[in-house]
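J.: 3D model of this:
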Amino acid sequence: MRIKNQNKLQRFGELQQARVIALFSLVGLSITFLMMCFALLNNDTPLALCLLSASAIYGLAFYWVKNKGKVKLSSYIIIYSLYILMLYLVYTGGVASTGPLWIFIVPPVSLYVHGLKKGLLNIAIFVSLTCLIMFFPHSVYAQDIYPFEFKLRLLYSFLTISFLSALYEFSRNELYNNALELNQKLHKLAHFDELTGLHNRRDAQLKLNQNIAVFNPEQRFSILLCDIDYFKLVNDKYGHGAGDLVLVKISEVFQRTKNQTDYVSRWGGEEFLFILPQTDQIEAFEVAERLRSAVFEQSVSLDDEDIKVTISIGVKEYHMGLSVDQLINDADKALYEAKKLGRNRSISAA
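T.: Numbering: from 1, shown residues only. Below you'll find the predicted structure:
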């Protein structure tokens, strides 16, 4: 169940990322197409062709993420085409040397697509290439020369935006991880017993309802209702801490002894409930005896004293038409009969 919840959160995260990538693709397509139209009006054919290519790439990415579900591929196409477009605008100056002003969209997009570590690495590479173009124009034959003060302020501003974007991405990751951890803790509290680590009563009731809902005669199942004998005397003589230790040790025996497909929960206090799939009453009784013998052979060490603990078990096979309460009551009656007959035994319900 915990894995299922994690998968749900992961799928939600992937769906959210797909929506953001699709939205960015659509926005990128619209903006680059509009800028292409302005470039054509200004008779800047090279810039118009570059923007048209970028618009087509964003359109293709939007198609892939919406119709093909290729989120990762689309995101990589978007981010690397964005790098190329931004470097081109820095190189050429764009319209009236304002092209470099667009580079501020690189940090948040890069960090969102790549994550914190890889995003920062790519930003560092982008900054290095940008500095190469602006500060060493003769080495790459830059088409536009910027004032030195403009280049410094552009670089400082870009680094500031990168730092703030990285801080936001770090905080976002921390919040997501904290939410995931909290979800796991709440799930554990809702479905597992804190002391023994076994499933709790609420989870067992859900499991019983599920088994009854899909029941058919060919997929029978049985339950075992177990109770630790003279558990109150253990608490009275050795204290509640010793009683808790007994519960933990008995739970460990159950976990080791049960079949892999069997389900065990702490039903309440010193009672435990087993759900045995594909098991009739005769087979369930054999499982009960195996569990009882395993507990009898287990000693619990309390300070300098080893004590023996026994259990009594009521066995009941589910039949069509029984409710959860009727099934539990029948098993409880068999358990009461085992107690009445001297404890440390298993009794099958009628």
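J.: So the most far-flung residue of the chain relative to its centre versus F163, what's the distance?
T.: Going by CA atoms, centre = their mean, the residue of the chain most distant from its centre is N43, 52.9 Å out. From N43 across to F163, the span is 39 Å (CB to CB, to the nearest Å). For glycine as for every other residue, the C-beta is placed from the backbone atoms N, C-alpha and C.
J.: Leaving out chain neighbours, which residue sits closest to L129?
T.: In this structure, L129 finds its nearest non-sequential neighbour in L87, 5.8 Å apart by CB to CB, 6 or more residues apart in numbering.
J.: So what's the residue count around P107?
T.: 26 (other CB atoms under 10 Å).
J.: for it, what are its contacts?
T.: By CB atoms under 8 Å, 6 or more residues apart in numbering, the residues touching P107 are 119, 123, 158, 161-162, 164-166.
J.: Most widely separated two among these?
T.: Spatial extent of these (CB to CB) is set by the pair G119 and F158 at 14.1 Å.
J.: Looking at these two now, which is surrounded by more residues?
T.: Neighbour comparison, G119 and F158: the larger count goes to G119, with 23 against 19 (by other CB under 10 Å).
J.: what about the more buried one, which SS state?
T.: helix (DSSP: H, G, I helix; E, B strand; the rest coil).
J.: ok, now how distant is L89 from Y156?
T.: Taken as CB to CB, the span from L89 to Y156 is 19 Å.
J.: do R292 as well
T.: Applying CB to CB to R292 and Y156 gives a distance of 76 Å.
J.: More neighbours: those two, which one.
T.: R292 (21 against 10).
J.: Which helix or strand contains I275?
T.: I275 belongs to strand 271-277 when assigned by DSSP states H and E.
J.: which other residues reach that strand?
T.: Against strand 271-277 from outside (CB under 8 Å, 6+ apart): 198, 201, 204, 207-208, 211, 219, 221-227, 250-251, 254, 258-259, 261-267, 283-284, 287, 291, 328.
J.: by contact count, what packs against the helix ranked longest in the chain?
T.: If you go by DSSP state H, the chain has its longest helix at helix 148-191. Contacts defined by 3 or more CB pairs under 8 Å, 6 or more residues apart in numbering; DSSP states H and E place helix 148-191 against helix 2-41, helix 106-114, helix 116-135, helix 201-213.
J.: for the record, mean pLDDT for that helix?
T.: Helix 148-191 comes out with an average pLDDT of 89.
J.: Ignoring the adjacent residues along the chain, who's closest to N209?
T.: Nearest to N209 is V324, by CB to CB, 6+ apart, at 6.3 Å.
J.: give me every residue that touches the one you found.
T.: Taking CB under 8 Å, 6+ apart, one finds 205, 208-209, 212 in contact with V324.
J.: Including neighbour count, could those residues go into CSV?
T.: Shown next, in CSV, are the contacts of V324 (neighbours: other CB atoms under 10 Å):
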residue, neighbour count
Q205, 15
L208, 22
N209, 12
I212, 16
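J.: Report the two of those residues separated the most.
T.: Q205 and I212 (10.7 Å).
J.: which SS class is Y146?
T.: Per three-state DSSP, Y146 ends up coil.
J.: Not counting sequence-adjacent ones, nearest residue to it?
T.: Y146 sits nearest to M134 (CB to CB, 6+ apart), 5.9 Å away.
J.: how many other residues sit next to the one you found?
T.: 22.
J.: For it, give me the pLDDT.
T.: For M134, the predicted pLDDT is 84.
J.: check contacts around it.
T.: So M134 contacts 90, 100, 142, 146, 151, 154-155 (CB under 8 Å, 6+ apart).
J.: mind running it again at 7 Å?
T.: Going by CB atoms under 7 Å, 6 or more residues apart in numbering, M134 touches 90, 146, 151.
J.: Can you check the residues you listed and name whichever has the most neighbours?
T.: Neighbour counts for these peak at V90, which has 26 neighbours (criterion: other CB under 10 Å).
J.: residues in contact with the helix or strand that contains that one?
T.: For V90, the enclosing helix or strand under DSSP H and E is helix 71-92. Helix 71-92 has contacts (CB under 7 Å, 6+ apart) with 14, 17-18, 21, 24-25, 28, 47, 50, 54, 57-58, 61, 64-65, 99-100, 102-103, 106, 109-110, 113-114, 126, 129-130, 133-134, 142-144.
J.: Please indicate which of those are buried?
T.: Using 16 or more other CB atoms under 10 Å as the burial test, the contacts of helix 71-92 include 17-18, 21, 24-25, 28, 47, 50, 54, 57-58, 61, 64-65, 99-100, 102-103, 106, 109-110, 113-114, 126, 129-130, 133-134, 142, 144 as buried.
J.: correct me, but A22 touches A61?
T.: No: in this structure A22 lies outside contact range of A61 using CB atoms under 7 Å: 8.5 Å.
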